[in-house]
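Below are the sequence and a predicted model for it; my questions follow.
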2 protein chains.
Amino acid sequence: MPAHILVVEDEPAIQALIAANLERAGHVVLRALDAETGLRLVNEALPDLILLDWMLPGMSGIDLARRLRANERTRSVPIIMLTARSEEQDKVRGLETGADDYVTKPFSPRELQARINAVLRRRAPQMTEDPVEVGGLRIDPASHRVSAGGQPVNLGPTEFRLLHFLMTHRERVHSRPQLLDQVWGDHVFVEERTVDVHIRRLRSALEATGHDALIQTVRGSGYRFSAMPAA
Amino acid sequence: MPAHILVVEDEPAIQALIAANLERAGHVVLRALDAETGLRLVNEALPDLILLDWMLPGMSGIDLARRLRANERTRSVPIIMLTARSEEQDKVRGLETGADDYVTKPFSPRELQARINAVLRRRAPQMTEDPVEVGGLRIDPASHRVSAGGQPVNLGPTEFRLLHFLMTHRERVHSRPQLLDQVWGDHVFVEERTVDVHIRRLRSALEATGHDALIQTVRGSGYRFSAMPAA
DNA sequence: CCGGCCGGTGACAATATTGTGACAGCCCCG
DNA sequence: CGGGGCTGTCACAATATTGTCACCGGCCGG
């Protein structure tokens, strides 16, 4: 699975080494020598993964990570931090800023590749582009459109992803942590109850046509999308 | 609720990632790269929880678990098994060994944290996602649904767990203390008679279709789920 | 036939969990 | 630089679930 990977590393030699390895593995590599350039590249086109050096001239890697996490659009891009330090405290700080994983220099190409695969594998397992329709409710990922009983429905990006996930995994309860992992991303830190709020917004958007009944609450467990009426 | 957690994992990278995440959550982490070291650490000081990789060099995770379970002093320390997806079919074997829960790799930090919290609260985990059907009564953990003779049945969380346990351990008498351990969790302090109340609620929910007869009272001993009519 | 157990029930008050409305921060688009 | 659209969090309201009791009624051994 070829991926677009952004490498933000100020030491040209190391950057070249990493890039060569990644390209040999079939990935497309974007390069940045500093955080500012990295940020610009991310805004131009979202990569599938970012390798980010901890220490950078100017804006540090941590600052960049924090900044990316603060923005809704870039929030879900996985980040692997590269660092020379190996102190636990730094790792904790790195994870707090939202890094998905952490690789300490020096590292072997094989290890890096393994980490990259692990992170890529963990995110969005099977997002299909095929439209799905259940009980008159239709969602089309390709055109990013939703209609309920013929009527178009307007949803925000998060509610769209939430509905899409639920519709492609119906007849099964999803706990709040699971929904956060699958819809928000596993490195995003938000309150569990945020799920409730979005479920509510989704329901009120579907209320007009009565399709809100498809989203059922399972007390003590989570939520479920089901064509069958709640028991 | 900071806890002392022992992580037995042979891959240093994964161990570090887990440890960092746990520390961020405020836990104290003890590390072991192999089962022997883990065993030594446990003997020095009992942790509150053990995260144990299934595959380890030398003594395997399952051997260590068995060994801990055999020892009086270490028997009650909760264990969460870490397994790769390919070993997933072994999960039943793992639970039989006495693991309190299992988590398949790759896992998200949030998911792991959720499992850890559940185990530390000593909540009895549900062991299987497979639906069970007996005499027209069907329970499906994945969708969290129950139907009796085609009719949907509404149950509270506790009654659901109770029914699930009974249906997966049928044709056997369970005493009230046993049911409390298995369904409520082993540290919970509740009146024994509470079981009676929930049995009653379960029965009245199944009464409409006559499936309440499947839950039999064994005077002086406890309750039994049986497809055969009471003797 | 008579207590003494044991399980069945209905009612309750305490809790736990989920639904809602309001709000402040952010980003993007004029 | 102002407005609108989204988001994540709260505090609070609305419900659902739970654990206990007290009270009954049946079964059993004496």
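Noted; the coordinates are in hand.

three-state assignment of the residue of chain A found nearest DNA strand C?
Proximity of chain A to DNA strand C (C-beta to the nearest atom of the strand) peaks at A:T217, 3.5 Å away. From N, CA and C alone the C-beta is placed, and that goes for glycine too. Here A:T217 is strand, with the state taken from DSSP: H, G, I helix; E, B strand; the rest coil.

Apart from its chain neighbours, what residue comes closest to it?
Distance criterion C-beta to C-beta, 6 or more residues apart in numbering or on different chains; nearest residue to A:T217, sequence neighbours excluded, is A:Y223 at 6.0 Å.

Now the phi/psi pair for the one you found, please.
phi -130, psi 160 (degrees, to the nearest 10).

residues contacting it?
A:L166, A:V173, A:H174, A:L179, A:V195, A:I199, A:I215, A:Q216, A:T217 (C-beta atoms under 8 Å, 6 or more residues apart in numbering or on different chains).

Give me the neighbour count for the closest residue to A:M167 other than its chain neighbours.
Among residues not flanking A:M167 along the chain, A:V132 sits closest, at 4.8 Å (C-beta to C-beta, 6+ apart). Neighbour count for A:V132, taken as other C-beta atoms under 10 Å in any protein chain shown: 16.

re earlier: can you give me the distance of the residue of chain A closest to DNA strand C to chain B?
11 Å (C-beta to the nearest C-beta, to the nearest Å).

Same question for A:V197.
Applying C-beta to the nearest C-beta to A:V197 and chain B gives a distance of 18 Å.

Am I right that that residue falls within a helix?
Yes: assessed by three-state DSSP, A:V197 belongs to a helix.

so how many other residues sit close to it?
11.

One more: A:G156?
13.

Now do the phi/psi pair for the nearest residue to it once chain neighbours are set aside.
Take A:G156 and drop its neighbours on the chain: the residue closest to it by C-beta to C-beta, 6+ apart is A:R201, 7.4 Å away. Phi and psi for A:R201, reported as degrees, to the nearest 10, are phi -60, psi -40.

Tell me the spacing between A:V153 and B:A142.
According to C-beta to C-beta, to the nearest Å, A:V153 and B:A142 sit 28 Å apart.

and what of A:E207?
27 Å.

How about A:E96?
A:E96 is 34 Å from B:A142, where distance means C-beta to C-beta.

same deal with A:L41?
For A:L41 relative to B:A142 (C-beta to C-beta), the value is 42 Å.

would you list every one of the strands in chain A?
A:4-8, A:28-32, A:49-53, A:79-83, A:101-104, A:132-134, A:137-140, A:145-148, A:151-153, A:173-174, A:215-218, A:222-225 (DSSP state E).

and the angle from the second one to strand A:4-8?
To tie it back to what came earlier, the one meant is strand A:28-32. Counting by axes from the mean of the first three to the mean of the last three C-alpha atoms, to 10 degrees, strand A:28-32 lies at 20 degrees to strand A:4-8.

who's in contact with strand A:28-32?
Outside of strand A:28-32, the residues within contact range by C-beta under 8 Å, 6+ apart are A:2-9, A:15, A:19, A:22-23, A:38, A:40-41, A:47.
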